[in-house]
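Asks: let's see this in three dimensions:
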Amino acid sequence: MVETQLTAVTHVNPHTGRDQNPTQVDGQEDIELKPIRRPKGRPKPMSIKEKTLLANIRTAAMLFVVTIVFLVAFLPAWLMGLTLIEYNEVIFYMYFEYHVANPIIYAFMNKSFRDDLAKVIKCQSMPVVR
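Replies: This next block holds a predicted model:
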């Protein structure tokens, strides 16, 4: 199925470069409607505002996951430091898992990080950012 949109085409006087009377040109109507056809299966292109909003939502989701992992990893050591729970050496040093989890979180949730990581692993050159 094809979606049809109508747009107005106006006539411009080639000598002056200005629109002629918007309602009539030489006794004829100035506005003619022409259909623009866009295939139904093809999505409408996103505006810059929509792309920015989507990028901000993805960033917020990634930071939310990083925060949750941080809390889960550091909470036991913090509670043991405050002597609210009994000391257990294995659980106390669990906060090192956060350092392991961080690159994994970024790799799953950030395409540019994944691409740059792949270049590093393949020993490809990366552009220098100054």
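Asks: this structure: strands as residue ranges?
Replies: Residue ranges of the strands in the chain, as given by DSSP state E, are 2-9, 24-25, 28-29, 32-39.
Asks: could you give the average pLDDT over the third one?
Replies: Predicted confidence along strand 28-29 averages 53 (mean pLDDT).
Asks: 642 is where my numbering starts, stick with that
Replies: That works, and once the first residue is 642, the last one we named lands at strand 669-670.
Asks: low-confidence ranges, this structure, go.
Replies: Applying pLDDT under 70 to the chain flags the ranges 642-680, 682, 767-771.
Asks: just give me the longest helix of it.
Replies: helix 689-722 (DSSP state H).
Asks: which secondary structure elements does that helix contact?
Replies: Using 3 or more C-beta pairs under 8 Å, 6 or more residues apart in numbering; DSSP states H and E as the contact test, the elements touching helix 689-722 are helix 730-733, helix 737-750. Every residue, glycine included, has its C-beta placed from N, CA and C.
Asks: what packs against the shortest one?
Replies: If I follow you right, that is helix 730-733. Helices and strands touching helix 730-733, by 3+ C-beta pairs under 8 Å, 6+ apart, are helix 689-722.
Asks: can you pull the buried residues of the helix it packs on?
Replies: Within helix 689-722, the residues that qualify as buried by neighbour count (16 or more other C-beta atoms under 10 Å) are 703, 707, 710, 714, 717-718, 721.
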